[in-house]
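[1] need coordinates for the following:
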Amino acid sequence: MTINNNIKVLVCDDEPLARERMRIMLDRITGVEAVKEEAGDGQHALQLIEKHTPDIVLLDIRMPGMDGLACAQHIARMDTPPAVIFCTAYNDHALDAFKAQAVDYLLKPVRQAQLEDTLQRAQRLTRSQLSALNAKQGEGAQQSPDSHISARTHKGIELIPVDDITLFHADHKYVTVHYSRGEVLIDESLKSLQSRLGESFVRIHRNALVAHDAIENFMRNEQGFYEIHIRGKEHPMVVSRRHVASVRRLLSNR
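    Numbering: from 1, shown residues only. The predicted structure follows:
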């Protein structure tokens with residue numbers, strides 16, 4: 001695989017064998033330069049970031065001294081922060097990782113294809129873009145603590161930006177998340193999702209929660225039922241009578 005733009009990557013992991021394995025995988029990717037110095041804890045990683053200005057940091061979470069989450073929080077406050085990709089053996093820190101503005105979250109053992117795919121996506125976030133994001137947040141537009149949804153897939157933990165989601169649809173005990181790159185299943189209730197995602201989503205039915213920005217049209221069909229057209233969906237969805245007023249009120253204020 002070849003990365004379109006040359007990128008510099010710093011590896012931070014407290015296990016020497018894990019660092020060596022990651023370096024071997026990085027060396028196989030054309031367009032990627034692994035920083036020769038490696039960090040074994042968060043404090044050392046911060047020092048090496050200042051010294052080498054990498055584009056991306058591959059960061060373990062559980063490390064002695066300053067752990068990966070604390071390190072990522074310091075990175076996020078830098079003027080021109082590198083993108084952070086967490087590489088960890090533990091799947092219980094996914095949401096915390098994205099609160100720390102991580103670009104991705106990989107479960108060990110990381111596979112070559114996973115690493116290449118993640119680096120390919122991460123390079124789209126340039127250092128200037130990340131700096132601009134931090135500047136915006138510093139002005140008061142702080143990132144929501146619920147900016148991502150966590151789902152377990154065959155790839156491990158997949159974190160989906162809330163801004164990419166158009167619809168949550170409940171079926172029995174699972175909820176299907178419809179987003180720009182496809183669909184995934186989660187086991188969280190619609191009630192819980194609506195509570196923590198706030199006003200960016202509206203309930204249209206007892207089993208459906210829709211992103212405000214994804215609603216393209218609201219009308220009455222030939223059978224007398226109200227329905228909405230959702231971006232990216234071929235067929236409209238019916239709005240239950242109890243939710244018609246709230247949907248109409250929402251759309252009238254747009």
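[2] surely Arg248 forms part of a helix?
    Yes. Counting by DSSP: H, G, I helix; E, B strand; the rest coil, Arg248 falls inside a helix.
[3] so where does the residue lying closest to it once chain neighbours are set aside fall, helix or strand?
    Once flanking residues are discounted, Arg248 sits nearest to Phe218: 7.0 Å by Cβ to Cβ, 6 or more residues apart in numbering. Where C-beta positions appear, they are placed from N, C-alpha and C, glycine not excepted. Per DSSP states H and E: Phe218 is located in strand 215-220.
[4] how about that strand: buried residues?
    Judged by neighbour count (16 or more other Cβ atoms under 10 Å), strand 215-220 contains these buried residues: 215, 218.
[5] mean confidence score for that strand?
    Here strand 215-220 scores 91 as its mean pLDDT.
[6] for the following helix or strand past it, packing partners?
    The helix or strand immediately downstream of strand 215-220 is strand 226-230, counting by DSSP H and E. If contacts are counted by 3 or more Cβ pairs under 8 Å, 6 or more residues apart in numbering; DSSP states H and E, strand 226-230 sits against strand 215-220, strand 237-238, helix 241-252.
[7] apply 7 Å and report the result again.
    On a contact count with 3 or more Cβ pairs under 7 Å, 6 or more residues apart in numbering; DSSP states H and E, strand 226-230 meets strand 215-220, strand 237-238.
[8] remind me which residues of this protein are low pLDDT?
    Applying pLDDT under 70 to the chain flags residues 1-5, 93-95, 97-100, 124-146, 154-157, 254.
[9] tally of neighbours for Glu183?
    11 (other Cβ atoms under 10 Å).
[10] and the nearest residue to it once chain neighbours are set aside, its phi and psi?
    Nearest non-adjacent residue to Glu183, counting by Cβ to Cβ, 6+ apart: Thr176, 5.4 Å away. Dihedral pair for Thr176: phi -90, psi 130, per degrees, to the nearest 10.
[11] now do Thr176 against Cys71, distance only.
    Distance, Thr176 to Cys71, using Cβ to Cβ, to the nearest Å: 35 Å.
[12] more neighbours: those two, which one.
    Taking other Cβ under 10 Å, Thr176 and Cys71 do not tie; Cys71 has more neighbours (27 against 13).
[13] which residue ranges form the helices in the chain?
    Remark: helices assigned in the chain by DSSP state H are 16-27, 42-52, 68-76, 94-99, 112-122, 127-138, 190-197, 241-252.
[14] now these in a markdown table, with distance to Gln223?
    Below are those laid out as a markdown table (distance: least, Cβ to Cβ, whole Å):
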| stretch | distance to Gln223 |
| --- | --- |
| helix 16-27 | 57 |
| helix 42-52 | 60 |
| helix 68-76 | 51 |
| helix 94-99 | 42 |
| helix 112-122 | 44 |
| helix 127-138 | 46 |
| helix 190-197 | 25 |
| helix 241-252 | 13 |
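[15] of those helices, which is nearest Asp213?
    Set against Asp213 and scored by Cβ to Cβ, the helices of the chain come closest in helix 241-252, at 11.0 Å.
[16] packing partners for that closest one?
    Secondary-structure packing of helix 241-252 (3+ Cβ pairs under 7 Å, 6+ apart): strand 201-205, strand 215-220.
[17] test my guess that Ala76 contacts Val103.
    No. At 11.4 Å, Ala76 and Val103 do not qualify as touching, with contact defined as Cβ atoms under 7 Å.
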